[in-house]
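1. mind looking at a prediction? Sequence and model below.
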Amino acid sequence: MTEQGLPSHLLALPRELRDIIYEYTFTTVVQITDRSSASHNAGLLSTCHQTRAEAVKLYYLRTTFETTGHDRRSVEGNLVRFFRSVPSQSVGLIQAVYVHVEVPIFTGDFAVYRHRNQRMRYENLYVSLGPRLPRQAPGLRKILKVKVWSWNGRENEEVWTSNPYGEKMPRV
């Protein structure tokens, strides 16, 4: 039964089947934006207390959270708001947060300087975010993956400032 006293067809299923449904439901990417700290893809968690209790762990374990920005300040703001909006008992369950940053286009020697500078600035994102996040936040180096798009004078180039899949970072 749901809180409204209506029969729930989902809760009528065996727990093992419900867990499989939850796993398939929460295998997606959720955008973290400056406009909303509300969790997308989490509607199932709002259906009733029992469903929330059963599924909240899988939601945070299976969902990849992602934010995009053109400057570090907006990215930091998005991440701080996001981590503060996650219930303290669930923060440690988060497995992956991706940050995609696009650096403005420059050419020539200044572009190389800017490229290196942006990479260093986003590597420092870990340091600057640390004190602003809830204590329960997991180790950022483990979950936060930062990707910087930069112009090298010839073409857009993708530069990882963390090694998201155990890959070696390209040299700049």
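-> Looks like it came in fine. Numbering: from 1, shown residues only.
2. quick one: mean pLDDT for the strand or helix carrying K145?
-> Assigned by DSSP states H and E, K145 belongs to strand 144-151. Computed over strand 144-151, the mean pLDDT rounds to 62.
3. in stretch 9-20, what's buried?
-> L10, R18 (16 or more other Cβ atoms under 10 Å). All C-beta spots, glycine's among them, are computed from the backbone N, C-alpha and C.
4. what lies in contact with it?
-> The contact list for stretch 9-20 (Cβ atoms under 8 Å, 6 or more residues apart in numbering) reads M1, T2, I21, T47, C48, Q50, T51, E54, A55, L58.
5. contacting residues around the last one?
-> When contacts are counted by Cβ under 8 Å, 6+ apart, L58 is found next to D19, Y22, E23, F26.
6. got those as TSV, with secondary structure and distance to G92 columns?
-> Listed next are the contacts of L58 as TSV, based on DSSP: H, G, I helix; E, B strand; the rest coil; distance: Cβ to Cβ, whole Å:
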residue	secondary structure	distance to G92
D19	helix	20
Y22	helix	19
E23	helix	19
F26	coil	17
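7. filter those to the buried ones?
-> The buried subset of the contacts of L58 (16+ other Cβ under 10 Å) comprises Y22, F26.
8. for this protein, what spans make up the helices?
-> Under the criterion DSSP state H, the chain contains helices at 9-12, 15-25, 49-62, 72-85, 88-91, 108-123, 125-129, 140-143.
9. so where's this structure shaky on pLDDT?
-> Under the criterion of pLDDT under 70, the regions of the chain flagged as low confidence span 1-7, 35-41, 70, 101-128, 130-142, 146-172.
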